[in-house]
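Peer 1: Show me how the following folds:
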Amino acid sequence: MTVQHFTEGKIYFDDELSKNAWEMAQQLNPPSLSPNPALNIKESTKAFLIELVVPGLTHEDLNIYLADNNMLVLQYKRDNNEFESVLTQRHWRQEFKMRSFVRQIPVHPEMVQLDQIKITSKNGIVSIRLPKTEALSGKVAPVMPFSNN
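Peer 2: Below is the predicted model:
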């Protein structure tokens with residue numbers, strides 16, 4: 001396989017298999033199989049909004065808290081005792097199941113009113129609204145207040 005570099009900064013491959021390697025990898029390992037649920041972080045003039053996709057769950061099913069190290073922790077622990085459900089229901093096919101997960105998002109306390117955080121859920125999306133501090137309200141954050149991990 002020959003790799004050629006062009007001035008546009010793109011890499012081109014000389015055989016069809018290599019050209020389609022990325023597409024094939026996505027088909028074999030789709031992003032939806034990640035153990036962590038998908039996450040969106042948005043910013044408005046008054047607040048930051050974190051949206052977490054958790055099909056079949058609500059915010060009451062999650063353990064959401066602010067840790068001492070200014071980390072917003074989003075945690076779900078699945079009950080591993082499935083013996084009772086085997087006796088009461090039968091799965092003919094099961095292609096999805098919510099797995100246990102922990103997401104930690106750093107929060108800058110100087111940018112967010114920590115005592116005003118609101119958590120809601122609707123249609124499998126948990127929304128966490130973090131109002132901006134007075135100093136930041138009406139402005140765009142000078143740095144990214146969260147990281148995605």
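
Peer 1: helix/strand/coil for the residue nearest to Glu60 when sequence neighbours are not counted?
Peer 2: Spatial nearest neighbour of Glu60, chain neighbours left out: Ser121 (7.7 Å); criterion: Cβ to Cβ, 6 or more residues apart in numbering. The way it works is simple: take the backbone N, C-alpha and C, and place the C-beta from them, glycine included. At Ser121 the chain is in strand, as set by DSSP: H, G, I helix; E, B strand; the rest coil.

Peer 1: I figured Ser121 hits His59, correct?
Peer 2: Yes. If you go by Cβ atoms under 8 Å, Ser121 and His59 touch, sitting 4.2 Å apart.

Peer 1: coming back round to it: just the pLDDT for the residue nearest to Glu60.
Peer 2: Here, the pLDDT recorded for Ser121 equals 96.

Peer 1: Measure how buried it is and give me the count.
Peer 2: By the measure other Cβ atoms under 10 Å, the count of residues near Ser121 is 18.

Peer 1: need the contact list for it.
Peer 2: Val54, Leu57, Thr58, His59, Glu60, Ser127 (Cβ atoms under 8 Å, 6 or more residues apart in numbering).

Peer 1: Could you confirm the fifth one falls within a helix?
Peer 2: Yes. Note on Glu60: a helix contains this position according to three-state DSSP.

Peer 1: Quick one, grab the pLDDT at it.
Peer 2: 94.

Peer 1: where does Gln75 fall, phi/psi-wise?
Peer 2: Torsion angles at Gln75 (phi, psi; degrees, to the nearest 10) stand at phi -130, psi 140.

Peer 1: per-residue confidence at it?
Peer 2: Confidence score, pLDDT, at Gln75: 93.

Peer 1: Please enumerate the strands of the chain.
Peer 2: In the chain, the strands defined using DSSP state E lie at 3-5, 11-13, 39-43, 47-53, 63-66, 71-76, 101-106, 118-122, 125-131.

Peer 1: If anything else comes up later, I'll come back, but that's it for now.
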